[in-house]
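Trainee: What shape does this take:
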Amino acid sequence: QVQLVESGGGLVQAGGSLMLSCAASGRAFRNYAMGWFRQSPGKEREFVAVINWSGGSTNYADSVKGRFTISRDNAKNTVYLQMNSLKPEDTAIYYCNARYLSREYWGQGTQVTVSS
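Mentor: As a prediction, this is how the structure comes out:
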């Protein structure tokens, strides 16, 4: 069992930056691929970024490439999402995701609001 707790969301002006954190509890964090997803009102949850177990491989949605960076610290059981050059369309609840084989876990989300 893995529990995920996101933090770092908030209100920021367009062009600003935020760093989200996701702290994981439970064993074998380093086995899990970790990802960030987001959901805006009236829209489906969408993929944002993912990082493999070692941190050596990452992938991003086209909409955030060059602006967001995902990273992880396995010693701290934490994954991060650095968000720069934020746009109003980035406004959403951001969810942390952990995946390993058939196991998948979600955090409760953190709200990010970008004002124009």
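Trainee: only C-alpha atoms for contact and neighbour calcs from this point on.
Mentor: Will do.
Trainee: Please enumerate the strands of the chain.
Mentor: Across the chain, reading from the start of the chain, the strands by DSSP state E fall at 3-7, 10-13, 18-25, 33-39, 46-51, 58-60, 68-73, 78-83, 92-100, 103-106, 110-115.
Trainee: Give me the contact list for the first one.
Mentor: For strand 3-7, the external contacting residues (C-alpha atoms under 8 Å, 6 or more residues apart in numbering) are 20-26, 95-97, 105-110.
Trainee: how about the strands of the chain in CSV, adding mean neighbour count and mean pLDDT?
Mentor: Compiled in CSV, these are given as follows (neighbours: other C-alpha atoms under 10 Å; pLDDT from 0 to 100):
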stretch, mean neighbour count, mean pLDDT
strand 3-7, 19, 96
strand 10-13, 15, 98
strand 18-25, 20, 97
strand 33-39, 23, 98
strand 46-51, 21, 98
strand 58-60, 17, 98
strand 68-73, 20, 98
strand 78-83, 21, 98
strand 92-100, 23, 96
strand 103-106, 14, 94
strand 110-115, 19, 98
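Trainee: Of the contacts of strand 3-7, which is the nearest to Ala33?
Mentor: Top of the list for closeness to Ala33, among the contacts of strand 3-7 and by C-alpha to C-alpha, is Asn97 at 8.2 Å.
Trainee: so that closest one touches Met34, yeah?
Mentor: Yes: taking contacts as C-alpha atoms under 8 Å, Asn97 lies within contact range of Met34: 5.6 Å.
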